Every structure is written in C-alpha cells, then in structure tokens.
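Visitor: Below is the structure, and that's it, no one-letter string:
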C-alpha cells in the first residue's frame, strides 16, 4: 500500500498544473458542470465542507465563492500549493489545508462536516478493505443528515471512451468482459498511475456497506460520454451548439439511460 500511495502522490505532484487546467477542456468541462449541478442540487445551502482529494481546488474554489467554509485534503503538496494560490488570488480563504491521504481521516472528530466531496481517492485504492475504510471514515466525520458526493471511475463508461482513447487494449477480446464485470485494478505501467475502475452496481453496494443511504447517482459526462473528439470539434466550430449540448447533458446526468454508461460515476449519499 505504501508503494501504491507513493506512486499516486508522485503522479499528482508532477501533474498538478495539468489537473488545474484539465477541467477547462471542452469535454472535461461537462464533468465539472455536472458536478457543480449535483452540489447545488443536493448539498446544504451553507456549512463546512471537506474536499477529500481536492487536487488543485477547482471545486473548493467554487464552494468558497458560494459562501461555504471549506477545508481541503490532498495527497499532493503541489496540488495544494496551486489550490492555496488560486483561492488567495480570488480574495478568499480556506479553513485548512491537509496534505494527507484519504486513509488518514482519523485526524477528524466525529460528526464534523455538513458536506463532503470524496472525488478521486477511490480511483486509486485496489484493496476493498481500504476503500471501505475511507467510506466508513467519511461516514463517521459527516454530520447526521449530511450529504457526500462520492466518485468512482466506471468500467462501463470506459468501454465507450476506449474507442478513441485506448482501442489497442481491446486487441485482446477478453478485456470486453473484464470491463463489463468491473472491479479492475491497474498498475502504473498499465494506466496513468495505480488505478481502480469498477461498475455502478459494485460501487453502490460498497457505499451501502459503509452505512450510507443512496440519494441519487449520476454519470458526469451524461449522454456525451465517449464523444471527446466530437465535443472538441463542436466547441471549436459551433460554440453555441456546444453550450446547448453541454447544458442538456448536465441537466440529464441523473437519468437512468445515461448515468450507468459514463467514465465518471457520481453517487450522492446521506448519513
């Protein structure tokens, strides 16, 4: 586990600036806007939020602008440095910055936060016991009736994105069934770092086992999932139509016909 955490930390330290810029990409912007949509729809209207796996602070900055008290926790010092700089440039101030892994939530008291973002850490934990530990600790530190937004990478959606992003993998046709089954563990040489991908039913079962009630779930890319190249072209050549598609996708991200088949699975839960 120590080596895996080191691999993940190294990746995000090196990719810190990329992670800040990533959500400005026309395709990734759909993910960002869907996430904001879910936060605005389900989170309490005020209170203290913990952003676990905050990265460079894109969502924390949005929350601070909307009047929340926000603490950031991330494994990467470089990511947190960017977050602090961006937040201070906006004339805002976070409550705290914690450079720790999601496996170190024992530093927090029980029933402390009104809302929690857990978006990223579960992408990297191969061991189910570790994922359940993070989920149970998240449950413990969330106030009663508090809301959390929990994210996984969805193997069903990755099958769609694979057509343009990594088709060569599927020269071995056994991989199709592996992606349909979920519960995939990749080493750094097989992915961008140590990663864990799973299916919506397995993710939901894991979250329920940790004691949460499922409120809703969504596919961050909605009906535009897997259309990376087409979306970039649309943004370039027909920007207003791009905006129309993006807005419609965001509003539709919880519909059952779309939410199971996107790369990023967002699960809204309540304590």
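Guide: Yep, that arrived. A quick note: this is a predicted structure, and the numbers were derived from the prediction, not measured.

Visitor: Helices along the stretch 51-200 of the chain, start to end?
Guide: For the stretch 51-200 of the chain, the helices defined by DSSP state H, counting those that start in this stretch cover 58-65, 77-89, 128-141, 155-165, 174-181, 200-209.

Visitor: list the contacts for residue 155?
Guide: 178-182, 184, 197-199 (C-beta atoms under 8 Å, 6 or more residues apart in numbering). C-beta: built from backbone N, CA, C; applies to glycine.

Visitor: and if you look at residue 74?
Guide: Neighbour list for residue 74: 12, 53-55, 80, 83, 98-100 [criterion: C-beta under 8 Å, 6+ apart].

Visitor: Between these, which sits nearest residue 228?
Guide: residue 55 (20.2 Å; C-beta to C-beta).

Visitor: so that closest one touches residue 18, yeah?
Guide: No - with contact defined as C-beta atoms under 8 Å, residue 55 does not count as touching residue 18 (10.2 Å).

Visitor: How many neighbouring residues does residue 129 have?
Guide: A count of nearby residues for residue 129, using other C-beta atoms under 10 Å, gives 8.

Visitor: how close does it get to residue 265?
Guide: From residue 129 across to residue 265, the span is 21 Å (C-beta to C-beta, to the nearest Å).

Visitor: Nearest residue to residue 252 in space, please, no chain neighbours.
Guide: Excluding the flanking residues, the one nearest residue 252 by C-beta to C-beta, 6 or more residues apart in numbering is residue 222, at 5.1 Å.

Visitor: how close does that neighbour get to residue 118?
Guide: 21 Å.

Visitor: do residue 196 as well
Guide: Using C-beta to C-beta, we find residue 196 at a distance of 14 Å from residue 118.

Visitor: Identify the residues contacting the residue most central in space within the chain.
Guide: Geometric centre of the chain, nearest residue: residue 119, 3.1 Å, by C-alpha atoms, centre = their mean. Counting by C-beta under 8 Å, 6+ apart, residue 119 makes contact with 35, 52-53, 59, 149-151, 266.
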